[in-house]
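Undergrad: structure for this input, please:
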Amino acid sequence: YENILYRVEDGIAIITLNRPDRLNAYIPAMGNEVVQAFRSARDDQAVRVIVLTGAGRAFCAGVDLEVLAESAQQSAGGGENARLGEEDFIRSLPLEMNDSPKPLIAAINGHAIGVGVTMTLPCDVRVAADEAKIGLTFSRLGILPGLGSTHLLPHLIGMARAQELILTGRIVLGQEACDLGLVQASVPRDQVMPTALEIARQMAEADPALIALARKALHDGPGLSLEEAMRNEQALSQQLRDSRNRSE
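TA: Here you go, the predicted model:
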């Protein structure tokens, strides 16, 4: 990898965005590497939880503006940067994260802007630094939000708050993001990774088959009636029992 770091420790895969000199600004090459690392972690039997974080003082400062400008000037057939928005990171990674049997945690160690926010929305838990600036600033760039954020964000924080953040492009600090429900915890910067890893360890202690089905039940539930959700839980519980019986 040239734009990320990847390691596995004690059943936890850590994917680190690694362009600190550019505040980990997003480029397609980095996105491709994140997808590769995510798929490796998902398919690795030794991995039980996946953590996404950034190197240096930022998590991800959004799309690299140089790449964005170059992409806007090029035709669809010219050069790698012209493919911005067509790579798997944009088109399929949120779906793959949503369907992952393994939980995901975003350790937002610093500023997260634009795609730096939307890439965390499919995660199960988001931990942010108190001083991190977090903003869905797409309206300021003249582009629409992506990665399924218009579906995920209202589910997380409600439609009214999602509308306000996206339509204004307002930037909030970690504690306000926590108050809004955009992240679950806001902690001092030096406690972001320890906090995320402690949560990851708690998840890793559970039966991975149970975690996978619990995650599926939670994702299915909001789109079902109460009766349908109960039937789904019963079916998934039976699936878990059958799986355990086969392994005995």
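
Undergrad: which positions in the lengthiest helix in the chain come out as buried?
TA: Using DSSP state H, we find that the single longest helix of the chain is helix 226-247. Across helix 226-247, burial judged by 16 or more other Cβ atoms under 10 Å covers 229, 233, 236, 240. All C-beta spots, glycine's among them, are computed from the backbone N, C-alpha and C.

Undergrad: packing partners of that helix?
TA: Counting contacts by 3 or more Cβ pairs under 8 Å, 6 or more residues apart in numbering; DSSP states H and E, helix 226-247 is packed against helix 208-220.

Undergrad: only C-alpha atoms, please: export the helix it packs on in CSV.
TA: Taking Å, rounded to 0.1, in the frame of the first residue of the first chain, the C-alpha atoms of helix 208-220 are listed here in CSV:
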residue,chain,number,x,y,z
PRO,A,208,-18.4,-13.7,15.5
ALA,A,209,-21.4,-15.6,14.1
LEU,A,210,-23.7,-13.9,16.7
ILE,A,211,-22.2,-10.5,15.9
ALA,A,212,-22.7,-10.9,12.2
LEU,A,213,-26.4,-11.9,12.7
ALA,A,214,-27.0,-9.2,15.3
ARG,A,215,-25.6,-6.6,12.9
LYS,A,216,-27.9,-8.0,10.1
ALA,A,217,-30.9,-7.9,12.4
LEU,A,218,-30.2,-4.3,13.4
HIS,A,219,-29.8,-3.2,9.7
ASP,A,220,-33.0,-5.1,8.7
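
Undergrad: how far does that helix sit from its chain's centre?
TA: Mean C-alpha position of helix 208-220 versus that of the full chain (Cα atoms, centre = their mean, to the nearest Å) differs by 17 Å.

Undergrad: same deal with stretch 20-40?
TA: 12 Å.

Undergrad: and it, what's buried?
TA: 22-38.

Undergrad: and whatever helix or strand T195 lives in, what does it pack against?
TA: Applying DSSP states H and E as the criterion places T195 in helix 192-204. In terms of contacts (3+ Cβ pairs under 8 Å, 6+ apart), helix 192-204 is packed against strand 12-17, strand 49-54, strand 104-108, strand 125-129.

Undergrad: so what's the residue lying closest to S149 once chain neighbours are set aside up against?
TA: In space, S149 comes closest to T118 once its chain neighbours are excluded; the distance is 4.2 Å by Cβ to Cβ, 6 or more residues apart in numbering. Listed by Cβ atoms under 8 Å, 6 or more residues apart in numbering, the contact set of T118 reads 136, 145-149, 152.
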